[in-house]
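Peer 1: Fold the following, please.
(2 chains)
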Amino acid sequence: MEKRTILNSTHFEITLKRLASQLKENHHLFENTVLIGLQPRGIHVLQRLKKILEADLKKELTCGQLDITFYRDDFRRREQPIIPSVTNIDFIIENKNVVLIDDVLFSGRTIRSGLDALLAFGRPKKVELLAFIDRRFERHLPIQADYIGKTVDTLSSQRVSVEWTEIEGEDKVVLFTQENKNE
Amino acid sequence: MNNLSVDHLIGIKDLTKQDIQLILKTADSFKQVINRPIKKVPSLRDITIANLFFENSTRTKLSFELAEKRLSADVINFAASGSSVKKGETLIDTVNNILAMKVDLVVMRHPNPGAAKFLSERINARVVNAGDGTHEHPTQALLDAYSIREKHGDDFTGKKVVIVGDITHSRVALSNIFCLQKLGAEVMVCGPTTLIPKYIGELGVKVEHNLRKALEWCDVANMLRIQLERQDIQYFPTLREYTMLFGLDKKLLDSLDKKITIMHPGPINRGVEITSDVADSDQSIILQQVENGVAVRMAIIYLLASKIERN
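Peer 2: Here you go, the predicted structure:
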């Protein structure tokens, strides 16, 4: 397995700050906006952005965590069922601007499930999507992100992993490539 | 491990500790779901479930039906009264006729012990036992364990649970004993000698005939109903005498030096096994049990349905 860092910790930080600025540009003081991270790994993007924005705006933002396991379209098509994570949305999103946040946008199926899952909490005024990494050309559904940290061109056999200081020890994005034995 | 080790839920006896923990953990997520404004998820939208009740039930039937509907499954209900069972149709024929309508999962309550196992060996659908005679009632035991876990925490090691009442005729008692022991709790049964099976000690449970001593020992007391409909002979002189010796009232509860948790699988005979003030006290988690029943049944059906092959 070949491993290549495509975003190091310096650029990682810059990217997060840019995303936070873009959010601020569109949502001003976040008065009618809520940020919702998708479980499991979109939560980390959410927490970092929340930290940057709250320090900047000097106010607390409304944030939630959404688990989409029960809304997936591959139930009974997998070997093993996925064990759900926690959903933590203790507010109603009726008429709110919602920013869905995930680490990697790939096939778009997670986001489709997320949109479905979101309906259980009310009818939002508008839903936007923030993806820290966008693997374009790999989409199965007509879904695009409104805010993108970094766009990468990848093969479907490759894997992109967003790693965090809190968990893996370092902020970085790594691209894994399966070695081709025929070459 | 994300998968159950069994294809059907016949009894707790067949489950591993990991299976039970997986069900309880999954139920946590479903408990969140049923407390949302929209209490429904689309997971089982291509699954059809038949609820076959060959014996009366209110709570279990409603709970299963609600759980199935909250998972978006299609549900058909069958009750033995008013059906062709009365015309002499066998169990297998009845069920095969229902399965011919393309049913993926069967939830069955039956008066004969072993009926669920019998069915699971002969039909091409997943089977969930909703009570088979005096044998097992696995979903009740799992929701009881879930309710205890909610109140007393994840670790069952050293938790002391007493089951009081008619142990001989109770499928709830047997399933509870298996479930709690697998999770690491200590179990005691308490009741008149005539209602405690002779060899129950071999299951590793303690036996006590004095209610006060049992309550002083335990952290949780599960008060069972006296099942007069299953008692073919008289096991105790009068209900009044039973209540005097094994009924739990507020005075007895308050005289204990600790606050124990009171459970009851329902339906309650108020004034027989427990008085109204005990059933409605803050130590009772009887209504939580009912709420948790839906979440736990959703978890069981979800996990079993994930094993149904797609055609």
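Peer 1: and the biggest helix by length in chain A, how far from the chain's centre?
Peer 2: Longest helix in chain A, counting residues (DSSP state H): helix A:9-27. Chain-centre distance of helix A:9-27: 14 Å, with CA atoms, centre = their mean, to the nearest Å.
Peer 1: Now do it: which elements does it pack against?
Peer 2: Judged by 3 or more CB pairs under 8 Å, 6 or more residues apart in numbering or on different chains; DSSP states H and E, helix A:9-27 is in contact with helix A:42-57, strand A:97-105, strand A:126-136, strand A:147-153, strand A:172-177. The C-beta positions use only the backbone N, C-alpha and C, and glycine is treated the same way.
Peer 1: Need the residues that contact the first one.
Peer 2: Counting by CB atoms under 8 Å, 6 or more residues apart in numbering or on different chains, helix A:42-57 makes contact with A:16-17, A:19-20, A:23-24, A:29-30, A:35-37, A:60-61, A:63, A:65, A:100-103, A:130, A:132, A:162, A:164, A:166-167, all of which sit outside it.
Peer 1: again with the fourth one
Peer 2: Contacts of strand A:147-153 with the rest of the structure, by CB under 8 Å, 6+ apart, involve A:6-7, A:15-16, A:18-19, A:22-23, A:99, A:105, A:128-137, A:160, A:173, A:175.
Peer 1: Okay, the residue lying closest to A:F132 once chain neighbours are set aside and chain B: tell me how far apart.
Peer 2: Leaving aside its sequence neighbours, A:F132 sits nearest to A:G149 (CB to CB, 6 or more residues apart in numbering or on different chains; 4.1 Å). Distance of A:G149 to chain B, given as CB to the nearest CB, to the nearest Å: 29 Å.
Peer 1: can you count the residues close to A:G149?
Peer 2: 26 (other CB atoms under 10 Å in any protein chain shown).
Peer 1: And it, how far from A:R112?
Peer 2: Per CB to CB, to the nearest Å, A:G149 is found 21 Å from A:R112.
Peer 1: do B:V272 as well
Peer 2: Between B:V272 and A:R112 the distance is 54 Å, computed by CB to CB.
Peer 1: Same question for B:N51.
Peer 2: Distance from B:N51 to A:R112, by CB to CB: 32 Å.
Peer 1: if we can go back for a sec, just the buried ones from the contacts of helix A:42-57?
Peer 2: Buried by 16 or more other CB atoms under 10 Å in any protein chain shown: A:16, A:19-20, A:23, A:30, A:35-37, A:61, A:63, A:65, A:100-103, A:130, A:132, A:162, A:164, out of the contacts of helix A:42-57.
Peer 1: Please list the residues of chain A that sit near chain B.
Peer 2: Contact residues (CB under 8 Å from any CB of the partner chain) of chain A with chain B: A:67, A:69-72, A:75-78, A:80-87, A:92, A:116-117, A:119-122.
Peer 1: Which of these fall in helices?
Peer 2: Using DSSP H to define helices, the subset of the residues of chain A next to chain B located there is A:116-117.
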